[in-house]
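Q: Model the structure of this input:
(2 chains)
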Amino acid sequence: MVTQKPAIPKGTRDFGPAIMVRRNYILETIKKTYQQFGYLPLETPALENISVLTGNYGDEGDQLLFKILNSGDFLSKVDKADIDQGYKKLLPKISNKGLKYDLTVPFARFVAMNRHEINFPFKRYQIQPVWRADNPQMGRYREFYQCDADVIGSESLICEAEIISLINQILNQLGIHDFILKMNHRSILAGISEEIGAPDKVAVLCVAIDKLEKIGQEKVSRELEAKGFTPNSITRLFEILEVSGTNQEILSKLSQLLKKSTPGTEGLKAIQQIFAYADNLVIGDHRVQFDPSLARGLSYYTGAIFEVQVNNQEIGSIGGGGRYDDLTSIFGLPGVSGVGFSFGVDRVYDVMEKLQLFPEFQNTQSQVLVTIFDDTTVIHALQIVRELRKQGLTVEIFPDTVKLKKQLNHAHKKSIPFVIILGPDEIANNQLTLKNMATGHQTSQDLNTTVNLINSTQSK
RNA sequence: GUGGAUGUAGCUCAGUAGGUUAGAGCACCAGAUUGUGGUUCUGGGGGUCGCCGGUUCGAGGCCGGUCUUCCACCCCA
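A: The predicted structure is shown next:
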């Protein structure tokens, strides 16, 4: 037999029990809060038709899609000419499925497919892995989980305020307090673009100013210059972006600067309204920061955009989202606006690990390990396990008849707090020997007393 | 996709200008302790030095390719 070194593909990970307990804690917290806000669960396949996926994430996104080869002889419909035309022409002939890249587009597909059964506004949450053929780095994986919550079929800005509230509640529960929720509006970006005299270059502008915080004003200027922005418009741009102060101060200064721009004025009004709603909805301080330089990549956003960043953590954003006015139109359902948000659990995990925010999870381990003394005591041990479980204890049995030393060592390594020793002496006296692993102390008594002893020590 | 760094035992790492049977700590297993874990002591197992090829009398160390991981770009959760 040819053996191979076990390995998993680049950018993917196994999650062992210790990690899963913590991941589940995050997922459960998110799920519970989503449900508390009225979002209902949805799952969609890992695979989508490639036509559903392409064209929604920009050229970059299409590059990062995992495509799946057609089954069987995937070359049967391909001839030399196809190959000579390059991979872009070849691709549709050899692949008609792909792994989903995010949860929003499959959601839009679902909504379009089920439009007659859905009551709008429709709120759903979805917690599933997505795949991107990106080059892995810190906090960046090829398979990772997203936790989306979206409302579709309402243009009300209350939906945006709800999302602000949702994010605050979840992060507070997870113990992540040192974060900011950055917010901007695509119309404001369009307004800025108009104001600096480059209305047709919003997309390029967005990509550039999104990096402002990371690479600084000088490098951004140079990049814009290279993209054909005039020195005048660049100067004007930074006059706008330099505006600082409280959210209200920035908003009022910007409305002066952008007063000639219709989309700019509308965007600012929307942000103002969202803040007004959020002030009355969010429990405590909502930690929203209006940031005109926030751009975000995904091309389907049209309204408000959000991004959550944890302060002093170089991991990028742990979540983001925004409003999309027309996502379902490519599936034949125009005029349905939606807004959504997504947490990246993997990054939330990394941050919580670094900040040591995970609680101890003692409830996930067994309370007692029942040992098997020798072949003659197996049946008794099984019966004891049955009775202890009947009484509600979390109990496991060491399945092999090996030295007590080994069984105790197993309990020690798994941090199981109690061990029951059941040898011929105990069986003869109808007693159980209970060893407290922390103190090393052990006593013998009947079953009910043993259960009480375990329960009383546990509850302390 | 582009560029840079990295890869030696399960883990963290040594390994001097290429030169015998590649080391340590931790972890693991066994015994001291035949009804008892954590400490201690004694002993033991485990490496085709990421993979493939090349140079050389000889390669863990040099060269080429490839894969992994990390970093930067790109982009993003």
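
Q: Let me know whether A:H380 touches A:N430 as I believe.
A: No. Using Cβ atoms under 8 Å, A:H380 is not in contact with A:N430; the gap is 10.0 Å. For every residue, glycine as well, the C-beta is placed using N, CA and C.

Q: more crowded one of these two?
A: Relative neighbour count places A:H380 above the other of A:H380 and A:N430, with 18 against 8, counting by other Cβ atoms under 10 Å.

Q: ok, the more buried one - contacts?
A: Applying Cβ atoms under 8 Å, 6 or more residues apart in numbering to A:H380 gives the contacts A:422, A:427.

Q: My reading is that it lies in a helix. Confirm?
A: Yes. The secondary structure assignment for A:H380 places it in a helix, going by DSSP: H, G, I helix; E, B strand; the rest coil.

Q: ok, it to RNA strand B distance?
A: Distance check for A:H380 against RNA strand B: by Cβ to the nearest atom of the strand, to the nearest Å, it reads 12 Å.

Q: Please apply the same query to A:I163.
A: Counting by Cβ to the nearest atom of the strand, the gap from A:I163 to RNA strand B is 14 Å.

Q: likewise A:A295?
A: Here the criterion is Cβ to the nearest atom of the strand. By it, A:A295 lies 8 Å from RNA strand B.

Q: Below-threshold pLDDT in the stretch 351-460 of chain A: ranges please.
A: With pLDDT under 70 as the threshold, the stretch 351-460 of chain A has low-confidence stretches at A:362-364, A:458-460.

Q: need the residues of it near RNA strand B, please.
A: A:373, A:403-406, A:408-409, A:411-413, A:421-426, A:433, A:435, A:437-440, A:442 (Cβ under 7 Å from any atom of the strand).

Q: In strands, which of those appear?
A: Judged by DSSP state E, strands contain the following of these: A:421, A:433, A:435, A:442.

Q: Report the closest residue of the stretch 1-150 of chain A relative to RNA strand B.
A: For the stretch 1-150 of chain A, the nearest residue to RNA strand B under the criterion Cβ to the nearest atom of the strand is A:M138, separated by 2.8 Å.

Q: Report the contact partners of the residue lying closest to that residue once chain neighbours are set aside.
A: Here the nearest residue to A:M138 in space, its sequence neighbours aside, is A:I315; by Cβ to Cβ, 6 or more residues apart in numbering that works out to 6.8 Å. By Cβ under 8 Å, 6+ apart, the contact set of A:I315 is A:138-139, A:347, A:350-351.

Q: Can you convert those into TSV and add a column each for distance to A:K10 and neighbour count?
A: Formatted as TSV, the contacts of A:I315 follow (distance: Cβ to Cβ, whole Å; neighbours: other Cβ atoms under 10 Å):
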residue	distance to A:K10	neighbour count
A:M138	14	9
A:G139	15	18
A:R347	18	23
A:D350	18	17
A:V351	23	21
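
Q: okay, those in TSV with secondary structure next?
A: Formatted as TSV, the entries for the contacts of A:I315 read as follows, by three-state DSSP:
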residue	secondary structure
A:M138	coil
A:G139	coil
A:R347	helix
A:D350	helix
A:V351	helix
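
Q: and those as TSV, adding distance to A:L64?
A: Output for the contacts of A:I315, formatted as TSV (distance: Cβ to Cβ, whole Å):
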residue	distance to A:L64
A:M138	18
A:G139	16
A:R347	17
A:D350	21
A:V351	23
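
Q: A:L53 - nearest residue in space that isn't next to it in sequence?
A: Using Cβ to Cβ, 6+ apart and skipping residues adjacent in sequence, the residue nearest A:L53 is A:G98, 5.0 Å away.

Q: Which helix or strand lies directly C-terminal to the host helix or strand of that neighbour?
A: In this structure, A:G98 is located in strand A:97-99 according to DSSP states H and E. Scanning forward in sequence from strand A:97-99 by DSSP H and E, the next helix or strand is helix A:104-113.

Q: So which elements touch that following helix?
A: Using 3 or more Cβ pairs under 8 Å, 6 or more residues apart in numbering; DSSP states H and E as the contact criterion, the elements in contact with helix A:104-113 are strand A:47-49, helix A:50-53, strand A:122-131, strand A:143-152, strand A:338-344.

Q: most tightly surrounded among those?
A: When you average the neighbours per residue for each of the helices and strands packed on helix A:104-113 (mean count of other Cβ atoms under 10 Å), strand A:338-344 leads with a mean of 27.

Q: which residues touch that one?
A: Judged by Cβ under 8 Å, 6+ apart, the contacts made with strand A:338-344 from elsewhere in the structure are A:30, A:102-104, A:107-108, A:144-154, A:159-160, A:163, A:166-167, A:170, A:303-304, A:306, A:308, A:317-324, A:327-328.

Q: Kindly provide the distance from the residue nearest to A:M138 to A:P129.
A: When distance is defined by Cβ to Cβ, to the nearest Å, A:I315 is 19 Å away from A:P129.

Q: Okay, now the unreliable bits of the stretch 151-300 of chain A?
A: For the stretch 151-300 of chain A, residues meeting the criterion pLDDT under 70 lie at A:298.

Q: whoops, I mixed them up, the stretch 1-150 of chain A
A: For the stretch 1-150 of chain A, residues meeting the criterion pLDDT under 70 lie at A:1-4.

Q: How about the residues of it by RNA strand B?
A: When proximity is defined as Cβ under 7 Å from any atom of the strand, the stretch 1-150 of chain A approaches RNA strand B at A:5, A:7, A:9-12, A:58, A:60-61, A:63-64, A:102, A:132, A:134-142, A:144, A:146.
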